[in-house]
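Q: how would this look folded up:
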Amino acid sequence: MSRQSLVASVAVLALLLGVSACGSDDDKADPKPTRTTASPTPTTPTQPKGADGVTVEIQNWDAHADDPAVLAWKQATEAFSASSNNRKVLPGMRTAYSKPIFRQYVRNLQTYVWKNDWHVTPRIPAKVQQSRISGSKATLVTCLWAPAYALRKENGSLVAKTAEKWSRENVELKSVDGRWVITKDTFKGYCSGGAPA
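A: Numbering: from 1, shown residues only. The predicted structure follows:
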């Protein structure tokens, strides 16, 4: 509410109180003025940090803070990345993916990541380009800052040359027993935009 609207509302309220006071023959004391406050504006929930040492920081969080599919993807990506770094499958990863995807990811972790002592950075900038929920299915297009999500050797150097771009990820999810589970996850191409803040 603007200041002018607030002043006008208070003036109308005072006029109404004055008219009702003038119409009374009672010798009551004048009513004490009441204090009015503007209604609070809704605030965006704070973006949660990853539970196990890796946090996906969604650059456009304000637009997706209340999207359950986006939150499920964020937590799944954090659990997978933290499992990479901790050299074991963490509980969040077990519940985030369908069984076929989970098995494939565990094989990849065992065969490449853990065997070679590779890891990812603890902060992964991301953007959500698109989110669509239809009944019990959802599709997302997300963008991960490639240098942060890329695998690194023990000394911190990149395993493979990585472009300083946003990698495009296409994700499909399904609602199972009240939670969103990733059923398909593919990287293809890049998203537009410069380096993250």
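
Q: pop the domain breakdown of this protein in here.
A: Domain ranges of the chain: 1-41, 55-191, per automatic domain parsing.

Q: the last one: how far from the chain's middle?
A: What separates the centre of domain 55-191 from the centre of its chain is 13 Å, taken as CA atoms, centre = their mean, to the nearest Å.

Q: avg pLDDT for that domain?
A: Mean per-residue pLDDT for domain 55-191: 97.

Q: how about the first one?
A: Confidence over domain 1-41, taken as the mean pLDDT, stands at 42.

Q: go through the domains of the chain and pick out the most buried.
A: Highest mean neighbour count of the domains of the chain: domain 55-191, a mean of 17 (counted as mean count of other CB atoms under 10 Å). Using the backbone N, CA and C atoms, a C-beta is placed for each residue, glycine as well.

Q: now the end-to-end length of that domain.
A: End-to-end span of domain 55-191 (CA to CA, to the nearest Å): 20 Å.

Q: the helices in the chain, which residues?
A: 3-22, 68-86, 91-96, 99-108, 115-116, 146-149 (DSSP state H).

Q: remind me what the shortest one packs against, helices and strands.
A: This points to helix 115-116. Helices and strands touching helix 115-116, by 3 or more CB pairs under 8 Å, 6 or more residues apart in numbering; DSSP states H and E: there are none.

Q: how near is R107 to K115?
A: Per CB to CB, to the nearest Å, R107 is found 11 Å from K115.

Q: oh, I was asking about P147
A: Taking CB to CB as the measure, P147 falls 23 Å from K115.

Q: quick one, what contacts M93?
A: 76, 79-80, 83, 102, 105 (CB atoms under 8 Å, 6 or more residues apart in numbering).

Q: my read: A150 touches W118, true?
A: No. Between A150 and W118 there is no contact under CB atoms under 8 Å: 9.6 Å.

Q: overlap of the contact sets of the two?
A: Taking CB under 8 Å, 6+ apart as the criterion, A150 and W118 both touch V159.

Q: pull the residues that contact stretch 45-56.
A: Stretch 45-56 is contacted by residues 57-58, 61, 65-66, 71, 74-75, 77-79, 81-83, 85-86, 90, 92, 120-124, 126, 144 when judged by CB under 8 Å, 6+ apart.
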